[in-house]
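Visitor: Turn this into a model:
(4 chains)
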There are 2 protein chains.
Amino acid sequence: MSAKILLVEDDPALGYVIKDNLAHKGFEVTLCKDGEQGYEVFDQQLFDLCIFDVMMPKKDGFTLAQEVRKRNSQVPILFVTAKAMIEDKLEGFRAGGDDYIVKPFSMEELYARIDVFLRRTNGHLRENNSFELGEFLFDGKNFKLSHPSGEKTLTQKEAEVMKLLCCNKERVLKREEILKAVWGDDDYFMGRSLDVFISKLRKYLKEDPNVEIVNYHGVGFKLEVK
Amino acid sequence: MSAKILLVEDDPALGYVIKDNLAHKGFEVTLCKDGEQGYEVFDQQLFDLCIFDVMMPKKDGFTLAQEVRKRNSQVPILFVTAKAMIEDKLEGFRAGGDDYIVKPFSMEELYARIDVFLRRTNGHLRENNSFELGEFLFDGKNFKLSHPSGEKTLTQKEAEVMKLLCCNKERVLKREEILKAVWGDDDYFMGRSLDVFISKLRKYLKEDPNVEIVNYHGVGFKLEVK
DNA sequence: ACAAATGTTAATGCTTTGTTAAACCAAATT
DNA sequence: AATTTGGTTTAACAAAGCATTAACATTTGT
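Guide: Predicted coordinates:
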């Protein structure tokens, strides 16, 4: 399954070159021309990796990255920067698990970086599997949902759905996306099964009225924390 | 008692970020800027863990590690490497009980590694593989499981499974991981064999109701001590 | 008001796990 | 070389644990 990459780059020429190259390598690339558009698109799809140019009109790469992170999404982000930028800022992000690449760079270099990230994601290294959800704490690794009032161990499927929701907190996940990610496929019965799981999770989460899985009729679900 | 960590990293920015983060987590970190300085410092204090950057001026991480090994065979060493290095060399070290982490990495990942190491040191007896388990004491080197009420010598396989569980106490170990680690492979019958061993170990452990091997349906097992 | 989508609960049935015993195998012993 | 012995794997069957399906209620959009 080819990795989906969100590329946000304001220079049309460069953007096109990168997209084209990556596409040839078998990646599925979505190109946006500025930070705002980038955010909109990010909000609607699941990506395996983001590549953000740092200097962009409307919304720069760092701001965009911060907004993405607010979503609690764990996608790795690779920054493209014109030259040795403010090292501090870049290092900060690096410590956060992201990386950067300095223009001009060769496609080889870019592949190398992407490779590291994707290997890491699949190679179970990137497992920050703890999520705060209002009064809850969900440990995706041990399937434990804990709350001041008690602790519940979820089943595998429950945990998988929960994790997906947590990774995409405050954002509408399409039914299809969830089914694809957790069930691997999408038919009528799986859809109903998903509903059953949502129902179960809601039951577990009802201790804290501020945490809610809301339905978007005909679209999907969103995990909200007030 | 906070663990003492020796960090040798030539990049000042990265070194600082790591040190700062670890310090916040309650570790006592000593930062050195190159291999030579690192060795001097190592020579004067006892550390619970070393983190060495591989590529450094004056003395690289591997060389430093070899010198350290000559002195003190047991400190775990975590290598930090710029990119997919010569895998062979890294794997060699890994077999020696050390580990490595590839840049860029998140602090979460780093904690996870450190955690594994320090947990391994657990019963403050890293040399003879001793683990405390409630009322039990398991000596992984001599396969002896002792309890106030008596002592039992485990067989090879029993001990291997037991040890793996002990090293990963309070964590869910996937069936696949156990099979890979103990049997080296993973087929249906090995899986059943694992179940048989779990059953045996449970029998041995039932003297202390606070020690329990719990099953995670469809996933694996976890050793819990209440 | 109607059809489609979602919520909820319960039953059904498949898969995984628990346990015991027999088969198997290799090393040690006679 | 045969036999005993200790340990691991296979087999067989019982018991749990879960996801799915079904069935029915409720909500939403048109």
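Visitor: what about residue A:12, neighbour count?
Guide: 10 (other C-beta atoms under 10 Å in any protein chain shown). Every residue, glycine included, has its C-beta placed from N, CA and C.
Visitor: what do you get for the one 5 residues further on?
Guide: The criterion is other C-beta under 10 Å. On that basis, residue A:17 has 13 neighbouring residues.
Visitor: In three-state terms, label it for me.
Guide: helix (DSSP: H, G, I helix; E, B strand; the rest coil).
Visitor: distance of the residue with the largest distance to the centre of chain A from residue A:208?
Guide: Distance from the centre of chain A peaks at residue A:149, with 30.2 Å (C-alpha atoms, centre = their mean). From residue A:149 across to residue A:208, the span is 9 Å (C-beta to C-beta, to the nearest Å).
Visitor: related to what we said a few turns ago, OK, contacts around the residue farthest from the centre of chain A?
Guide: Contacts for residue A:149 (C-beta atoms under 8 Å, 6 or more residues apart in numbering or on different chains) come out as residue A:207.
Visitor: need the strands for chain A, in chain order.
Guide: Remark: strands assigned in chain A by DSSP state E are A:4-8, A:28-32, A:49-53, A:77-81, A:99-102, A:130-133, A:136-139, A:144-147, A:150-153, A:173-174, A:211-216, A:220-225.
Visitor: Now distance to DNA strand D and mean neighbour count too, for these, in a markdown table please.
Guide: As requested, those are exported to a markdown table (distance: least, C-beta to the nearest atom of the strand, whole Å; neighbours: other C-beta atoms under 10 Å in any protein chain shown):
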| stretch | distance to DNA strand D | mean neighbour count |
| --- | --- | --- |
| strand A:4-8 | 24 | 24 |
| strand A:28-32 | 26 | 19 |
| strand A:49-53 | 29 | 25 |
| strand A:77-81 | 32 | 23 |
| strand A:99-102 | 35 | 18 |
| strand A:130-133 | 19 | 17 |
| strand A:136-139 | 16 | 20 |
| strand A:144-147 | 13 | 18 |
| strand A:150-153 | 7 | 12 |
| strand A:173-174 | 15 | 19 |
| strand A:211-216 | 7 | 15 |
| strand A:220-225 | 13 | 19 |
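Visitor: so can I have JSON lines of these showing mean pLDDT?
Guide: Listed next are those as JSON lines, based on pLDDT from 0 to 100:
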{"stretch": "strand A:4-8", "mean pLDDT": "91"}
{"stretch": "strand A:28-32", "mean pLDDT": "91"}
{"stretch": "strand A:49-53", "mean pLDDT": "89"}
{"stretch": "strand A:77-81", "mean pLDDT": "84"}
{"stretch": "strand A:99-102", "mean pLDDT": "75"}
{"stretch": "strand A:130-133", "mean pLDDT": "80"}
{"stretch": "strand A:136-139", "mean pLDDT": "88"}
{"stretch": "strand A:144-147", "mean pLDDT": "90"}
{"stretch": "strand A:150-153", "mean pLDDT": "90"}
{"stretch": "strand A:173-174", "mean pLDDT": "90"}
{"stretch": "strand A:211-216", "mean pLDDT": "94"}
{"stretch": "strand A:220-225", "mean pLDDT": "93"}
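Visitor: would CSV of those with distance to DNA strand C be doable?
Guide: Below are the strands of chain A laid out as CSV (distance: least, C-beta to the nearest atom of the strand, whole Å):
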stretch, distance to DNA strand C
strand A:4-8, 23
strand A:28-32, 25
strand A:49-53, 28
strand A:77-81, 31
strand A:99-102, 37
strand A:130-133, 17
strand A:136-139, 17
strand A:144-147, 17
strand A:150-153, 14
strand A:173-174, 10
strand A:211-216, 3
strand A:220-225, 7
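Visitor: These: which one's closest to chain B?
Guide: strand A:99-102 (4.5 Å; C-beta to the nearest C-beta).
Visitor: So which elements touch the closest one?
Guide: strand A:77-81, helix A:87-95, helix A:107-122 (3 or more C-beta pairs under 8 Å, 6 or more residues apart in numbering or on different chains; DSSP states H and E).
Visitor: Could you rerun that using 6 Å?
Guide: Under the contact criterion of 3 or more C-beta pairs under 6 Å, 6 or more residues apart in numbering or on different chains; DSSP states H and E, strand A:99-102 touches strand A:77-81.
Visitor: and the strand it packs on, how far from the chain's centre?
Guide: Centroid displacement of strand A:77-81 relative to its chain, using C-alpha atoms, centre = their mean, to the nearest Å, is 16 Å.
Visitor: do that strand and chain B meet at all?
Guide: No. Residues of strand A:77-81 are not located near chain B by C-beta under 6 Å from any C-beta of the partner chain, the shortest gap being 9.6 Å.
Visitor: now what about that strand, what contacts it?
Guide: Residues from elsewhere that reach strand A:77-81, judged by C-beta atoms under 6 Å, 6 or more residues apart in numbering or on different chains: A:50-54, A:61, A:65, A:98-102, A:113.
Visitor: and which of those is nearest to residue A:191?
Guide: Nearest to residue A:191 among those, counting by C-beta to C-beta, is residue A:50 at 29.1 Å.
Visitor: That closest one touches residue A:75, doesn't it?
Guide: Yes. With contact defined as C-beta atoms under 6 Å, residue A:50 reaches residue A:75; the gap is 5.4 Å.
Visitor: and residue A:82, what is it in contact with?
Guide: A:55, A:103.
Visitor: where does it land on pLDDT?
Guide: Looking at residue A:82, its pLDDT is 73.
Visitor: Just name the shakiest helix or strand of chain A by mean pLDDT.
Guide: The weakest-scoring helix or strand in chain A, judged by mean pLDDT, DSSP states H and E, is helix A:87-95 (a mean of 55).
Visitor: burial count for residue A:37?
Guide: 16.
Visitor: Just read off the phi/psi values of residue A:25.
Guide: Note on residue A:25: its backbone torsions stand at phi -80, psi 0 [degrees, to the nearest 10].
Visitor: tell me the contacts of residue A:154?
Guide: Contacts of residue A:154 by C-beta under 6 Å, 6+ apart are A:143, A:145.
Visitor: Quick check: it vs DNA strand C, distance?
Guide: 15 Å (C-beta to the nearest atom of the strand, to the nearest Å).
Visitor: ok, for residue A:12, nearest residue in space, not its chain neighbours?
Guide: residue A:33 (7.0 Å; C-beta to C-beta, 6 or more residues apart in numbering or on different chains).
Visitor: Flag every buried residue along the biggest helix by length in chain A.
Guide: Counting residues, the longest helix found in chain A (DSSP state H) is helix A:188-205. For helix A:188-205, the neighbour count (16 or more other C-beta atoms under 10 Å in any protein chain shown) marks A:190, A:193-194, A:197-198, A:200-201, A:204-205 as buried.
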